[in-house]
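S.K.: quick one: sequence plus predicted model below, questions after.
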Amino acid sequence: MRINRFVAQATGCSRRAADKYIENGEILVNNKPVKAGYDVTPLDVVTLDGKMLQALKIQTIMLNKPAGYVCSRDGQGNKTIYDLLPPELHYLKPVGRLDKDSSGLLLLSNDGSLTQTLTHPSNRKDKVYEATLDKDLQPLHRQMISDHGIQLDDGPSKFELERKAEGNEKTWLVRMHEGRNRQIRRTFAALGYTVTKLHRTHLGSYTLDTLPSGKWQSQNYQ
């Protein structure tokens, strides 16, 4: 196994971060620094800052997160996603986030490379949400969001909108590549709407399908 992949698996960091550790001489193999192309063997002893590293079994799960749960270990009085998982899965980290009031597809993994692939803006991975508004979305506002975007404090926000059902002007399918904090809610709020329900159904090639709310299932790498 290439040294950067080994380090990424053992620490949960991205391969880019692993490459930095290697480049800076922080990774030692048998007490010696190595180059990025080094292949780790079962007999090698790999250390980072003097601590021996062991490649972890890569595991990724999909959770259908209910609303009302926060994506952190310390809920500060709130229910957390880890309340829905058995203790042996508590070492997994969320791949991106869903805010407390949102529900739907959430991946948790110890694969830093997968996290980098799905969350880095340059990879432009599709995210699809079902957004329900407190009132009908006006055609002009739909065009403004889709064509030009809405200016927010942290920059313009633009995403594709499609009716979930013909004649329903309150529930929309939102397709976007970004994932800024509460971006969908803030975009609609800037135009005078309140998102009463936000549910993620797709993240990259992962799809929620029929997984029940509050349940999880193991995933193969996609």
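M.R.: Yes, it's here.
S.K.: list the contacts for residue 54?
M.R.: residue 10 (CB atoms under 8 Å, 6 or more residues apart in numbering). All C-beta atoms are positioned from the backbone trio N, CA, C, and that covers glycine.
S.K.: and if you look at residue 75?
M.R.: Per CB under 8 Å, 6+ apart, neighbours of residue 75: residue 83.
S.K.: double-check that it belongs to a strand.
M.R.: No: read with DSSP: H, G, I helix; E, B strand; the rest coil, residue 75 is coil and lies in no strand.
S.K.: got phi/psi on it?
M.R.: Main-chain torsions, residue 75, degrees, to the nearest 10: phi -80, psi -10.
S.K.: quick one: it and residue 219, what's the gap?
M.R.: Applying CB to CB, to the nearest Å, the value for residue 75 to residue 219 is 24 Å.
S.K.: without its sequence neighbours, what residue ends up closest to residue 142?
M.R.: With CB to CB, 6 or more residues apart in numbering as the criterion, residue 142 has its nearest non-adjacent residue at 5.4 Å, and that residue is residue 161.
S.K.: for the helix or strand encompassing that neighbour, list the C-alpha coordinates in CSV.
M.R.: Secondary structure assignment for residue 161, by DSSP states H and E: strand 160-163. Extracted in CSV, the C-alpha atoms of strand 160-163 (Å, rounded to 0.1, in the frame of the first residue of the first chain):
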residue,chain,number,x,y,z
GLU,A,160,-31.0,24.5,-9.7
LEU,A,161,-34.7,24.2,-8.8
GLU,A,162,-37.3,21.7,-10.0
ARG,A,163,-40.8,21.1,-8.8
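S.K.: partners of that strand, with directions?
M.R.: In its sheet, strand 160-163 lies beside strand 171-176 (antiparallel), with partners assigned from DSSP bridges.
S.K.: if you count neighbours, what's buried in the strand it pairs with?
M.R.: 171, 172, 173, 174, 176 (16 or more other CB atoms under 10 Å).
S.K.: how about these in a markdown table, adding distance to residue 203 and pLDDT?
M.R.: Formatted as a markdown table, the buried residues of strand 171-176 follow (distance: CB to CB, whole Å; pLDDT from 0 to 100):
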| residue | distance to residue 203 | pLDDT |
| --- | --- | --- |
| 171 | 20 | 98 |
| 172 | 18 | 98 |
| 173 | 14 | 98 |
| 174 | 13 | 98 |
| 176 | 11 | 95 |
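S.K.: output the lowest mean pLDDT helix or strand found in this protein.
M.R.: One helix or strand of the chain scores below all others by mean pLDDT, DSSP states H and E: helix 112-119, with a mean of 84.
S.K.: and the gap between the residue nearest the centre of the chain and residue 193?
M.R.: The chain has residue 96 as the residue nearest its centroid, 2.3 Å off, counting by CA atoms, centre = their mean. Remark: distance between residue 96 and residue 193 (CB to CB) = 24 Å.
S.K.: now swap in residue 8 and tell me
M.R.: For residue 8 relative to residue 193 (CB to CB), the value is 41 Å.
S.K.: now stretch 51-68: how far from the chain's centre is it?
M.R.: 12 Å (CA atoms, centre = their mean, to the nearest Å).
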